[in-house]
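> Structure for the following, please:
(chains A and B)
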There are 2 protein chains.
Amino acid sequence: MQTDRKILIESIKRLLRRGAVSNLRKIVNKTHAADLAVVFRSLTLSEQRRLFDLIDRIETKGVLLEDLDEDTLMLLLESMDLRSVVDILDSMPKDDAVDLIGRLPDELADAILDFMKKSGSQDVEDLLGYDDETAGGIMTPDFIALREDTTAAEAIESLQKEYQDVEMPFYLYVVDEYGKLVGVSSLRQLVLTPPDQQLRDFMSTDVISVRTHVDQEEVAKLVARYDFLAVPVVDDTNRLVGIVTVDDVIDIFREEATEDILKMAGAGEDFIETKSVMKSSRIRLPWLAASCAGGIFAFMIIGHFEGSLQKAAYLAAFIPVIMGMGGNIGTQTSTIVVRGLATGRIHLRDFRSVLFKEFATGLILGLVYGSLVALAAQFRYSIAAAAASVGIAVVSSMTVAALVGSLVPMTFARFNIDPAVATGPFVTTAIDIISVYFYFQIATILLGF
Amino acid sequence: MQTDRKILIESIKRLLRRGAVSNLRKIVNKTHAADLAVVFRSLTLSEQRRLFDLIDRIETKGVLLEDLDEDTLMLLLESMDLRSVVDILDSMPKDDAVDLIGRLPDELADAILDFMKKSGSQDVEDLLGYDDETAGGIMTPDFIALREDTTAAEAIESLQKEYQDVEMPFYLYVVDEYGKLVGVSSLRQLVLTPPDQQLRDFMSTDVISVRTHVDQEEVAKLVARYDFLAVPVVDDTNRLVGIVTVDDVIDIFREEATEDILKMAGAGEDFIETKSVMKSSRIRLPWLAASCAGGIFAFMIIGHFEGSLQKAAYLAAFIPVIMGMGGNIGTQTSTIVVRGLATGRIHLRDFRSVLFKEFATGLILGLVYGSLVALAAQFRYSIAAAAASVGIAVVSSMTVAALVGSLVPMTFARFNIDPAVATGPFVTTAIDIISVYFYFQIATILLGF
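Coordinates of the predicted model:
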């Protein structure tokens, strides 16, 4: 598949260079939109523009726009007239159109919305009213809603007429006269039922729904837990206002995983690499501040022990191993806890048992590596008190690190603060400072300074 | 929802204590299997056993078994007779049954397979022949396959008779007389087509499929890219042998994200926290070895500069900030690169531009924080040459870290080695050693020792 795509990219580039318009048009309109999107990413802006104009299917254009990064998207849209932009947006599933508009600068977004309102697309504006990362923000208002007294035959007929555009027509939702959700049936059930039977007779009334304000991660977890293909979204009065489909759920999980990973590494929330060097430096700058402040604090602490260092300069040699071991086990622990909380394998109610387990693990690993490092120190300097100090410092640094690494994210989660931000720079910096302080304190006592 | 579940857990526990069997039975059989699974996790083994016996629907039992961790699963299965275990497995979607058997110790798995073979379930054994993390390993052999000359009406009839058990009956695959995949249609198309029309007239022949040996992550990406609900799996002769459904794709993405996160933090591949302290210590032990070896190596290096340290003990004070800044920007960079490669936002063909960008970002951030740390050092010790050494060391440590942090995972990926393992302990340890060495080398020169 990789090679197929490489060939596709190369032939499109070659045809673009040659200006072989009719060949290009043929290829472009034969290729799946998702594949074109991959090709698009490796073209220059002017190539993208030329290729874009050759596409006949407006839905394909929509898929391509969705997939572009912000800067390219902006440039491409600015070179088009508003009418064609709105036509493309109208052809997209509404939730995707809303996403796209949400990514544009305010001016352009407003101009597009004005234009859409004039041509009667109120839906999109309504959807923009919901918070981005909630059920309301990710739902699509295109769903199938029928009344209880609809027969199977009538339902099939309405699928052919009214609901041609519905993205995922697998669930048929049943609503009462006020639009309130009362039941659900499926396309499969419809097919298996005698044509004159009414929905109320074969629908399921145990229909699980979410409210518009529910966080998108909660929605995704729910869909995953029950293996749904879509989940209905209702407002506070239980009126059906949209559905969230499984393809969006996949995107949410991938997005949330990326967010968590980046946050844990102290690299912002959104993916940075595609931005310019200056922009990416600016985003990453603040995340390093904690570690810089911690480092400066650490040199204050060590400065405090300058007397000991003057008597035994070799003590400095052990700073890296003590910090490194503490830092690494701290990262291990906090990562396990953060990911465990995110995937539901660790629960807040297990606070104490998690803490105890991590403490014990830190102690065991600390004893193993503490002895090892002490042996190495003894071997190198043959000063028993120094070797003992280093060994004890490694044990305590690793134990404390395991404790801090589990305590901090669990505490954050308890107060409903995203535990992922607690990992990375903050935890490691705290551990660095504690480790260094312990080490010099222990050495000063054991060496009798 | 959280509170609903809490109430459910508490009432079930209360009823278990009271031994209110008939009430329990009522609740248990009214609750959705996915919700019961959550309850199950907070019960003791003996409570789980008692509750399990009260479940009437065998499918619910299957869902519960799937969700248990290995140790609990083993204990529960061992307390049951083989006949009932096999009955439950038979009721599960085949791909899930295979997963479950794959998680059991060999002895038990073999006993179960023997029993299944005798009662005629060859499918499961066949599936076990595929590698766990490939399309073959995750597919289910329950799909709808019809011949080209089947009419829409006949197709609907076969849905009612033959294919009652199919998990996701949304795509109808069309095969030729040798079972080779030639087309696809959907339940939706079936409903919208006149009953006497043949599949060949309305099926799509552009059917995207994967081979059995394709990696599960590739399969998941494909389903996500095209927004499929399922993708057909074919053998090397294009014979349709199974399908991978979207619910499994969600699980794959979550699993792969967890794997990547844990690997990056040097915390193994599988989730550890649910295991015992000794087991989890054993798994985490080797991942810390790199950092320990690196630390010991660092003290050899510093030992080499003992002369400088004896003349200027205060030099030791800056070790933590130099290591910390290098380590943190290294983690930032490698995390961005690893995640970028995993999500397709960074491509191997951009090798040079990524490296250049990270180098430039490292240099800019290095200059900012280097100046800051130099200022702090000057303020504290008022020795210009020392302050300059520290500043330059921070700049070079951060620049090198950004370079190493992007170079290592990109190189690993180029050689088809999982880049996630390159992050974490290995990169940070390498950076620690380089940083410390640079620092002392620079200081020794600038201070004229």
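> Please make it C-alpha for all contacts and neighbour counts, starting now.
OK.
> what residue ranges in the stretch 101-250 of chain A are flagged as low confidence?
For the stretch 101-250 of chain A, applying pLDDT under 70 flags the ranges A:120-123, A:167-168.
> Tell me where it has helices.
Here the stretch 101-250 of chain A has its helices, by DSSP state H, counting those that start in this stretch, at A:106-118, A:122-128, A:135-138, A:152-161, A:187-192, A:199-202, A:216-226, A:246-264.
> give me the element the residue in the stretch 1-150 of chain A that chain B sits nearest to is part of.
Closest residue of the stretch 1-150 of chain A to chain B, CA to the nearest CA: residue A:34 (6.1 Å). Take DSSP states H and E as the rule and residue A:34 turns out to sit in helix A:33-41.
> Looking at the stretch 151-300 of chain A, which residue is nearest chain B?
residue A:295 (3.8 Å).
> need the contact list for that residue.
Residues in contact with residue A:295 (CA atoms under 8 Å, 6 or more residues apart in numbering or on different chains) are A:429, A:433, B:318, B:320-322, B:324-325.
> could I get the helices of the stretch 101-250 of chain A as CSV with distance to residue B:445 and mean neighbour count?
Formatted as CSV, the helices of the stretch 101-250 of chain A follow (distance: least, CA to CA, whole Å; neighbours: other CA atoms under 10 Å in any protein chain shown):
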stretch, distance to residue B:445, mean neighbour count
helix A:106-118, 55, 14
helix A:122-128, 61, 17
helix A:135-138, 60, 28
helix A:152-161, 80, 17
helix A:187-192, 78, 20
helix A:199-202, 85, 18
helix A:216-226, 55, 20
helix A:246-264, 37, 22
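> Throw these into CSV and include distance to residue B:102, thanks.
Below are the helices of the stretch 101-250 of chain A laid out as CSV (distance: least, CA to CA, whole Å):
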stretch, distance to residue B:102
helix A:106-118, 52
helix A:122-128, 45
helix A:135-138, 36
helix A:152-161, 42
helix A:187-192, 32
helix A:199-202, 38
helix A:216-226, 21
helix A:246-264, 26
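> The ones you listed into a markdown table, with extra columns for distance to chain B?
Below are the helices of the stretch 101-250 of chain A laid out as a markdown table (distance: least, CA to the nearest CA, whole Å):
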| stretch | distance to chain B |
| --- | --- |
| helix A:106-118 | 25 |
| helix A:122-128 | 22 |
| helix A:135-138 | 14 |
| helix A:152-161 | 6 |
| helix A:187-192 | 6 |
| helix A:199-202 | 15 |
| helix A:216-226 | 6 |
| helix A:246-264 | 6 |
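> Verify the contact between the residue of the stretch 1-150 of chain A closest to chain B and residue B:226 for me.
Yes - counting by CA atoms under 8 Å, residue A:34 touches residue B:226, with 6.1 Å between them.
> okay, the angle between whatever helix or strand comes next after the helix holding residue A:34 and helix A:33-41?
Scanning forward in sequence from helix A:33-41 by DSSP H and E, the next helix or strand is helix A:45-53. Helix A:45-53 and helix A:33-41 are oriented at 160 degrees to each other (axes from the mean of the first three to the mean of the last three CA atoms, to 10 degrees).
> and helix A:45-53, what does it pack onto?
Packing partners of helix A:45-53 (3 or more CA pairs under 8 Å, 6 or more residues apart in numbering or on different chains; DSSP states H and E): helix A:70-78.
> check whether the helix it packs on contacts chain B.
No - if you take CA under 8 Å from any CA of the partner chain as the test, helix A:70-78 misses chain B, and the best it gets is 13.1 Å.
> and what of stretch A:272-284?
Yes - contact of stretch A:272-284 with chain B (CA under 8 Å from any CA) involves A:272-274, A:277-278, A:280-281.
> Just the buried ones out of the residues you listed, please.
Applying a neighbour-count criterion of 16 or more other CA atoms under 10 Å in any protein chain shown, the buried members of those are A:272-274, A:277, A:280-281.
> mind checking how far the closest residue to residue A:82 other than its chain neighbours is from residue A:91?
Nearest residue to residue A:82, sequence neighbours excluded (CA to CA, 6 or more residues apart in numbering or on different chains): residue A:112, at 6.9 Å. Distance, residue A:112 to residue A:91, by CA to CA, to the nearest Å: 14 Å.
> Residue A:388 too?
Note on residue A:388: its distance to residue A:91, by CA to CA, is 72 Å.
> one step back: nearest to residue B:24, of the residues of stretch A:272-284 next to chain B?
Comparing the residues of stretch A:272-284 next to chain B against residue B:24 with CA to CA picks out residue A:272 as the nearest, at 52.2 Å.
> Quick check, pLDDT for the residue lying closest to that closest one once chain neighbours are set aside.
Nearest residue to residue A:272 in three dimensions, chain neighbours excluded: residue A:280, at 5.8 Å (CA to CA, 6+ apart). pLDDT for residue A:280: 83.
> okay but residue A:280 is in contact with residue A:270, surely?
No - under the criterion of CA under 8 Å, residue A:280 is not in contact with residue A:270, lying 10.5 Å apart.
> Surely residue A:136 and residue A:219 touch.
No - contact criterion CA under 8 Å: residue A:136 and residue A:219 do not qualify, at 10.4 Å.
> Helices - which of the contacts of residue A:295 land there?
A:429, A:433, B:320-322, B:324-325 (DSSP state H).
> Would you convert those into a markdown table that also reports pLDDT?
Shown next, in a markdown table, are those (pLDDT from 0 to 100):
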| residue | pLDDT |
| --- | --- |
| A:429 | 86 |
| A:433 | 91 |
| B:320 | 91 |
| B:321 | 92 |
| B:322 | 92 |
| B:324 | 89 |
| B:325 | 92 |
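> can you give me the helices in the stretch 301-449 of chain A?
Counting by DSSP H, counting those that start in this stretch, the stretch 301-449 of chain A has helices at residues A:306-311, A:319-343, A:351-381, A:384-414, A:425-446.
> deepest of the ones you listed, which one?
The highest average neighbour count among these, using mean count of other CA atoms under 10 Å in any protein chain shown, belongs to helix A:319-343 at a mean of 27.
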